[in-house]
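Undergrad: Provide a 3D model corresponding to the input given below.
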Amino acid sequence: MRHILFCSLAIWMLAACDDSANTADNTGNVNNVNNTGNTTGINNTNNTNSTNNVNNTTSTCGDGLVEGLEVCDGTDLNGATCESRGFGPGTLSCAADCTGWDTSACGDPVSCDVTDPLAGAPAFTMPSTEEWNHSIITGATVASGSPYHMIHDEMAAPSETIALRAKFDYNAVFHKDLQDEVVIFYLWGGAMTSWQELGRYLTDSDGMVHLTVDPLPVGTYIVRAVVPGDLSTAEGYITVVNPGRKAVIFDIDGTLTTSDSEVMQDWANFSTAEMYPYADEVVAYYVELGYQIVMVTGRPYWLADDTRAWLADRGMPVSSVRFTSDNGTTISGEETQAYKTEYLDDLVTRCGLTLTRAYGNATTDIGAYDAVGVPKSETFIIGENAGAENTQPVICEGCGYQDHYESFLLTEDLPCGLPQ
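TA: A predicted model of the protein is given here:
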């Protein structure tokens, strides 16, 4: 299967995956979103008859109803308890200004002892080189360019048989499929002390391998595939979680990177994708509190290796990253929202994952997160859509997430995300 991407790249670089215009539902405004009656304001978001405000919606602290940016109001705790806030049993109350919690009557805070689930991986022994099944055809495929193999990450419940999908192809532009050739799969993680061979499989006419793994205990596992014909490799991850596991969702392009176009510039070697300042600190904050990090991106499968390397270089988790199965460039628009919604809904319904918070930059992110039950009060949006649709704006001109990290995250009392 050959996929010529030059035209796609040119169109993509112009559109940059933008699924919304700079102005929406405005009257006489410039670069405003959802403004009404504001005829002179510039760069405002979700305002009514106001200037230079963000998310200025009507709410009354003390009326017993959670509205606008309130996290609670009187006896309306929005489902929160001492335990959900990371404390022992007790009585949780709402702060007088409705923007925080009074935990003075809760039990002692629950400790959060987080360890790296993939630390201490044993040495891996490569298999011996083998002859190709089709030396002439496969030889031409391999000679066409570098390998772009990948294994899709999967999440599962402890009692669930895990279905894995892997793709093997060569050449950054044409993506020539490795057909009818042997791939050997291995597994390590959890309490395992050595790598376990999962078996030998043949790629199909699309360069795909489908295999199943027996149920695994709770933990994170590395799946490694080796093509013995040239000893090229691919890695993916299995994460097994108990129902109720707390997670934070991140988009990548335009959310961790400074724009949607960074992905293709990176692939085309125009530049290395630029990270928003403090984006790595935000991710690390949740990791250190024990939350499951899930990244869901519109990037195609063949950018998996480069994306994982980019994340690892910045100290971010490389497991539980969902890519599309698309052979072209990054998907966008309604297709993105449908794809993200379907994937996240599966994690909730099949694995029992609890989606605590979510970060994005596009209206499609907002739509997907809302569809799977992430509250707008826990949905953080950066970029031109910051604060749209009553989400929480991340605004810091030229400094990315710095203010969000220092003034919000480091001052809140978010509970430990680990199962207690």
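
Undergrad: Are we agreed that Y221 is in a strand?
TA: Yes. Assessed by DSSP: H, G, I helix; E, B strand; the rest coil, Y221 belongs to a strand.

Undergrad: from now on call the first residue 581
TA: Fine by me, first position is 581 from now on; the one you just mentioned is Y801.

Undergrad: what's the neighbour count on the closest residue to it other than its chain neighbours?
TA: Using CB to CB, 6 or more residues apart in numbering and skipping the chain neighbours, the partner closest in space to Y801 is G769 (3.0 Å). For glycine as for every other residue, the C-beta is placed from the backbone atoms N, C-alpha and C. Residue neighbour count, defined by other CB atoms under 10 Å, stands at 22 for G769.

Undergrad: these two touch, right, G769 and G799?
TA: Yes. Between G769 and G799 there is a contact under CB atoms under 8 Å: 5.5 Å.

Undergrad: Can you work out which residues contact both of the two?
TA: Jointly contacting G769 and G799 under the rule CB atoms under 8 Å, 6 or more residues apart in numbering are P697.

Undergrad: and the chain, what are its domains?
TA: By the assignment in automatic domain parsing, the chain contains the domains 640-697, 715-820, 826-991.

Undergrad: chain center to the last one, what's the gap?
TA: Taking the mean C-alpha point of domain 826-991 and that of its whole chain, the gap between them comes to 5 Å (CA atoms, centre = their mean, to the nearest Å).

Undergrad: gap between the two ends of that domain?
TA: Using CA to CA, to the nearest Å, the end-to-end distance of domain 826-991 comes out at 20 Å.

Undergrad: Check the second one too.
TA: For domain 715-820, the separation between the terminal residues is 39 Å (CA to CA).

Undergrad: For it, give the mean pLDDT please.
TA: For domain 715-820, the mean pLDDT works out to 97.

Undergrad: Going along the chain, name the strands of the stretch 781-930 of the chain.
TA: With strands called from DSSP state E, counting those that start in this stretch, the stretch 781-930 of the chain shows them at 788-793, 799-807, 812-820, 826-830, 872-880, 901-904.

Undergrad: Strand 872-880 and the third one, what's the angle between them?
TA: Strand 812-820 runs at 140 degrees relative to strand 872-880, counting by axes from the mean of the first three to the mean of the last three CA atoms, to 10 degrees.

Undergrad: Ok, the second one next?
TA: Note on geometry: by the same axes, to 10 degrees, strand 799-807 and strand 872-880 are set 30 degrees apart in direction.

Undergrad: In its sheet, which strands sit next to strand 799-807, and in what direction?
TA: strand 762-769 (antiparallel), strand 812-820 (antiparallel) (DSSP bridges).

Undergrad: Just the C-alphas of that strand, formatted as PDB.
TA: Extracted C-alpha coordinates of strand 799-807, given in PDB (Å, rounded to 0.1, in the frame of the first residue of the first chain):
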ATOM      1  CA  GLY A 799       0.200  -2.800  36.000                       C
ATOM      2  CA  THR A 800       2.000  -1.400  33.000                       C
ATOM      3  CA  TYR A 801       3.700  -3.700  30.400                       C
ATOM      4  CA  ILE A 802       6.000  -3.200  27.500                       C
ATOM      5  CA  VAL A 803       5.200  -5.100  24.300                       C
ATOM      6  CA  ARG A 804       8.300  -5.400  22.000                       C
ATOM      7  CA  ALA A 805       8.200  -6.700  18.500                       C
ATOM      8  CA  VAL A 806      11.300  -7.700  16.500                       C
ATOM      9  CA  VAL A 807      11.400  -8.400  12.800                       C
END
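
Undergrad: related to what we said a few turns ago, the domains of the chain: which one's closest to T709?
TA: domain 715-820 (6.1 Å; CB to CB).

Undergrad: Figure out how far the closest one is from the centre of its chain.
TA: 21 Å.

Undergrad: Next one: E914, what pLDDT does it get?
TA: You'll see E914 listed with a pLDDT of 82.

Undergrad: Which helix or which strand is home to the residue nearest to it when sequence neighbours are not counted?
TA: Take E914 and drop its neighbours on the chain: the residue closest to it by CB to CB, 6+ apart is T944, 7.2 Å away. Using DSSP states H and E, T944 sits within helix 943-951.

Undergrad: what inclination does that helix have with respect to strand 826-830?
TA: On the basis of the same axes, to 10 degrees, helix 943-951 is oriented at 160 degrees to strand 826-830.

Undergrad: Near the residue nearest to D925 when sequence neighbours are not counted, how many other residues are there?
TA: Nearest non-adjacent residue to D925, counting by CB to CB, 6+ apart: V952, 5.2 Å away. For V952, the neighbour count with other CB under 10 Å is 20.

Undergrad: gap between V952 and G940?
TA: In this view, V952 and G940 are 12 Å apart by CB to CB, to the nearest Å.

Undergrad: Next, show the common contact partners of these two.
TA: Joint contacts of V952 and G940 (CB under 8 Å, 6+ apart) do not exist.

Undergrad: what are the ranges of the helices in the stretch 781-930 of the chain?
TA: 842-847, 859-868, 884-893, 913-931 (DSSP state H, counting those that start in this stretch).

Undergrad: tell me which residues in the last one are buried?
TA: Think helix 913-931. Within helix 913-931, the residues that count as buried by 16 or more other CB atoms under 10 Å are G913, T916, Q917, Y919, K920, T921, Y923, L924, L927, V928, C931.

Undergrad: Name the residues that touch that helix?
TA: By CB under 8 Å, 6+ apart, the list of residues contacting helix 913-931 reads 597, 599, 735-737, 740, 821, 823, 825, 827, 829, 831, 874, 876, 878, 902, 904, 911, 933-935, 942, 944-945, 947-949, 951-953.

Undergrad: Could you rerun that using 7 Å?
TA: By CB atoms under 7 Å, 6 or more residues apart in numbering, the residues outside helix 913-931 that reach it are 599, 735-737, 821, 829, 874, 876, 878, 902, 904, 911, 933, 935, 944, 947-948, 951-952.

Undergrad: Now do the helix holding T944: everything it contacts.
TA: 599-600, 829, 831, 913, 916-917, 920-921, 924, 938, 940, 959, 961, 965, 968-969, 971.
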